[in-house]
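# sharing a model that was predicted from the sequence below.
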Amino acid sequence: MASLTDLTIAQLGTALAKKEVSAVEVAGAHLAKLDQHRGLNAFITETPEKGHTMAAASDARRAKGEAGLLEGIPLAIKDLFCTEGVQTTAGSHILEGFVPQYESTVTANLWKSGAVMVGKTNLDEFAMGSSNMTSHFGGVENPWKRRGDNRKLVPGGSSGGSAAAVAAYMVPGSTGTDTGGSIRQPASFCGIVGLKPTYGRCSRWGVVAFASSLDQPGPFARTVEDSALLLQAMAGHDPKDSTSAPRAVPDFAAAARNPDIRGMKVGIPTEYRVDGTSPEIVALWSTGMEMLKAAGAQTVEVSLPHTKYALPAYYIVAPAECSSNLARYDGVRFGLRVPGKDLAEMYQNTRGAGFGKEVRRRILIGTYVLSAGYYDAYYKKAQQIRSLIARDFSQAFEKCDVLLTPTAPTAAFAAGEKMDDPVTMYLNDMFTIPASMAGLPGISVPAGLDKDGLPLGLQLIGRAFDEETMLRAAAALEQAAAFTMRPAGY
Amino acid sequence: MALDKDTVARIARLARVNVPDEELAPLAGELSGIFAWIEQLNEVDTRNVEPLSSVSDVTLPLRADKVTDGGIAAKVLANAPGGAVYIDMSDKNAGGFFTVPKVVE
């Protein structure tokens, strides 16, 4: 048998069900990888003891014949999900040392289905970033490197640690959250599958809030089927999140196992052909279209006229919501507290010392656009543009079943590149943000390597609450692309 | 729109975030760049367009006004920065006080 850490979630599930291995052995093998690749800085907190305890409990359940969907599967959790009794930092100094007394709904769902936690992964501070460089706990290194070039590359962000951990075979799956591309872009940079569900599919309860109208938890895995299995366990209505959709959870895994896309209409949005996209990515996008056509789908050109406005509108909406959400970090009830001569100065000192530069920048943008006299010019305008973006997608979906686009305009870049100008960094999310603004599901599937040997992903966007069609198309793309490459040394 | 140092200082005060003096000017430059880039939204005619307040077309649900949780006072108080003060030390879930450093001046 192959090494345990090489197996997918589906393969591990089979091996565990046949009792060829125990959950304790599976957890042990993955925890050894955490040890081996600690230099990547993918984890903020490792939880080996909890991992062993949960794995032993899993074996006991299986012995009693009570195996869940993810029974005995080791997972890494983005350190934005509150985990009972385990430090949850959101990648920020201001929350360092915070130990929640409750469990987020999504992680509770995963544990209920038998999964085992091995650690909490690194992320951009409060999930704000596209490189994982804004984490208070240091950047994460992408396990991939350019051929013949030893410079460290970023894993993307904000869920960079979760993506790197899966790409480095430390875990077969992990959780992320996606506000403007924080699952899909790192998946593309790390050569794995990343799925952002429809807004409302997974509960946000217990997830540290960034921009509440956009945030959505989702999975990372190495195959489309595995991402579907994880989503199946994570999703579902939660009365504790009023925006959680009261819908039954479909059989996502069955959809992912059915790559029959004959007759499916795949929309190609004209406006995604933008200057500045790497020619290799444009070529890969065309290859992706050919692959889906060869599998029996039809491609149709569609128009999403407001695409170019999604990114600047997002940089009003997301900072505005972040400035409200992060008002709670005031040094009074939890987290960091830096004294001052009076209460106002204590607030200012605490927040000045506790937040990093990118978070501070976004709080200031948000405060400004929401300040007296500016609301209509900025926030209302952005929400109107959001209506137009959502309408563009509805009209496109009258002509097609799913959209195919690149995930990111470039492959992974080196730490330090693109760091001078915030707008350049924001452009990383140009292909992922429009679907976020409309609340639609998206998935990044690894589709090839660039000339430097770095992975590139393609994105499929589905109709709201139609992850199944998206997963079928993703499975077809995965089959045709046959991406089996792995980073050297992992 | 270009933001000057004073405007940045004013927003920083509104947001209760301390920004050292020497960082005000560079920050004003960065924020001005971001707002100049955002200006392109003015090209879009949004007259008669309803702002999108929620992407989910779900009506916010109501639930019965009854207690659905409880008996977890010890957990609620566990992270109190000033420490937890219990009414009855022999039964921590009987209730208590979440204490914080003094905030009333």
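Everything's here; your move.
# now stretch A:139-152, how far from the centre of its chain.
Centroid separation for stretch A:139-152 versus its chain: 20 Å, with Cα atoms, centre = their mean, to the nearest Å.
# which outside residues touch it?
A:37, A:39-42, A:122, A:131-133, A:153-156, A:160-161, A:164, A:167-168, A:189-191, A:412, A:414-415, A:452-455, A:487-490 (Cβ atoms under 8 Å, 6 or more residues apart in numbering or on different chains). Yep, even glycine has a C-beta here, placed from its N, CA and C like the rest.
# pLDDT below threshold where in the stretch 351-490 of chain A?
Where the stretch 351-490 of chain A drops to pLDDT under 70, the residues are A:418-420.
# can you map out the helices along it?
Remark: helices assigned in the stretch 351-490 of chain A by DSSP state H, counting those that start in this stretch are A:357-370, A:381-396, A:422-426, A:433-438, A:467-481.
# let me know which of the ones you listed is tucked in deepest.
helix A:433-438 (a mean of 28; mean count of other Cβ atoms under 10 Å in any protein chain shown).
# before we move on, back to that, report the buried members of the contacts of stretch A:139-152.
Among these, the ones that count as buried by 16 or more other Cβ atoms under 10 Å in any protein chain shown are A:37, A:40-42, A:122, A:131-133, A:153-156, A:160-161, A:164, A:167-168, A:189-191, A:412, A:414-415, A:453-455, A:487, A:490.
# if we can go back for a sec, chain B next: which of the contacts of stretch A:139-152 are close?
Filtering the contacts of stretch A:139-152 for proximity to chain B by Cβ under 8 Å from any Cβ of the partner chain leaves nothing.
# how much space separates the residue lying farthest from the centre of chain B from B:G70?
Distance to the chain centre peaks in chain B at B:S90, reaching 36.6 Å (criterion: Cα atoms, centre = their mean). According to Cβ to Cβ, to the nearest Å, B:S90 stands 19 Å off from B:G70.
# could you do A:A228 as well?
Applying Cβ to Cβ to A:A228 and B:G70 gives a distance of 37 Å.
# neighbour count for these two, which is higher?
Comparing A:A228 with B:G70 by neighbour count (other Cβ atoms under 10 Å in any protein chain shown), the higher total belongs to A:A228, at 29 against 8.
# does that one sit in a helix, a strand or a coil?
helix (DSSP: H, G, I helix; E, B strand; the rest coil).
# pretty sure it is touching A:N258, no?
No - with contacts counted by Cβ atoms under 8 Å, A:A228 stays clear of A:N258, the gap being 10.5 Å.
# re the thing from before, can I get the helices of the stretch 351-490 of chain A in a markdown table including distance to chain B?
Shown next, in a markdown table, are the helices of the stretch 351-490 of chain A (distance: least, Cβ to the nearest Cβ, whole Å):
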| stretch | distance to chain B |
| --- | --- |
| helix A:357-370 | 4 |
| helix A:381-396 | 3 |
| helix A:422-426 | 5 |
| helix A:433-438 | 6 |
| helix A:467-481 | 15 |
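# mind putting these into TSV with distance to A:S92?
Below are the helices of the stretch 351-490 of chain A laid out as TSV (distance: least, Cβ to Cβ, whole Å):
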stretch	distance to A:S92
helix A:357-370	7
helix A:381-396	25
helix A:422-426	18
helix A:433-438	22
helix A:467-481	31
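# to A:A297, which of those helices lies closest?
helix A:467-481 (7.3 Å; Cβ to Cβ).
# low-confidence ranges in chain B?
In chain B, residues with pLDDT under 70: B:1, B:58.
# domain map for it?
Here the domain parsing of chain B from automatic domain parsing is B:5-43, B:71-105.
# now the residue nearest to the spatial centre of chain A: how far from A:G340?
The residue lying closest to the centre of chain A (Cα atoms, centre = their mean) is A:I183, at 2.0 Å. To A:G340, A:I183 is 38 Å away according to Cβ to Cβ.
# A:R247 touches A:F465, doesn't it?
Yes - taking contacts as Cβ under 8 Å, A:R247 lies within contact range of A:F465: 6.5 Å.
# ok, now which ones touch the closest residue in space to A:D421 that isn't next to it in sequence?
Leaving aside its chain neighbours, A:D421 sits nearest to B:G33 (6.9 Å; criterion: Cβ to Cβ, 6 or more residues apart in numbering or on different chains). For B:G33, the contact set (Cβ under 8 Å, 6+ apart) comprises A:D421, A:P422, A:V423.
# pretty sure the second one contacts B:E30?
Yes - taking contact to mean Cβ under 8 Å, the distance of 6.0 Å between A:P422 and B:E30 places them in contact.
# shared neighbours of these two, which are they?
Residues touching both A:P422 and B:E30 by Cβ under 8 Å, 6+ apart: A:R361.
# can you give me the helices in the stretch 151-300 of chain A?
For the stretch 151-300 of chain A, the helices defined by DSSP H, counting those that start in this stretch occupy A:160-167, A:184-190, A:224-234, A:252-256, A:279-294.
# turn the ones you listed into JSON lines, including mean pLDDT.
JSON lines is the format used below for the helices of the stretch 151-300 of chain A (pLDDT from 0 to 100):
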{"stretch": "helix A:160-167", "mean pLDDT": "98"}
{"stretch": "helix A:184-190", "mean pLDDT": "98"}
{"stretch": "helix A:224-234", "mean pLDDT": "98"}
{"stretch": "helix A:252-256", "mean pLDDT": "98"}
{"stretch": "helix A:279-294", "mean pLDDT": "96"}
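# closest to A:P319 out of those?
helix A:184-190 (18.5 Å).
# who's in contact with that closest one?
Outside helix A:184-190, the residues within contact range by Cβ under 8 Å, 6+ apart are A:130, A:132, A:142-144, A:153-160, A:162-164, A:166-167, A:176, A:178, A:193-194, A:196, A:220, A:407-408, A:411-412, A:428-429, A:432, A:442-444, A:446, A:454-457, A:459.
# just these: which are in strands?
A:176, A:178, A:193-194, A:196, A:220, A:442-444, A:446, A:455-457, A:459 (DSSP state E).
# quick one: which of the residues you listed is nearest to A:S212?
After measuring the ones in strands among the contacts of helix A:184-190 against A:S212 - Cβ to Cβ - the closest member comes out as A:D178, at 13.5 Å.
# which strand residues bridge that closest one?
Residues in a beta bridge with A:D178, per DSSP bridges, are A:Q216.
# residues near the closest residue to A:M133 other than its chain neighbours, how many?
Among residues not flanking A:M133 along the chain, A:G139 sits closest, at 4.7 Å (Cβ to Cβ, 6+ apart). A:G139 is flanked by 23 other residues according to other Cβ under 10 Å.
# measure A:G139 to chain B for me?
20 Å (Cβ to the nearest Cβ, to the nearest Å).
# distance of that residue relative to A:P305?
Relative to A:P305, and taking Cβ to Cβ, A:G139 is found at 37 Å.
# now swap in B:E22 and tell me
On the measure of Cβ to Cβ, B:E22 and A:P305 end up 44 Å apart.
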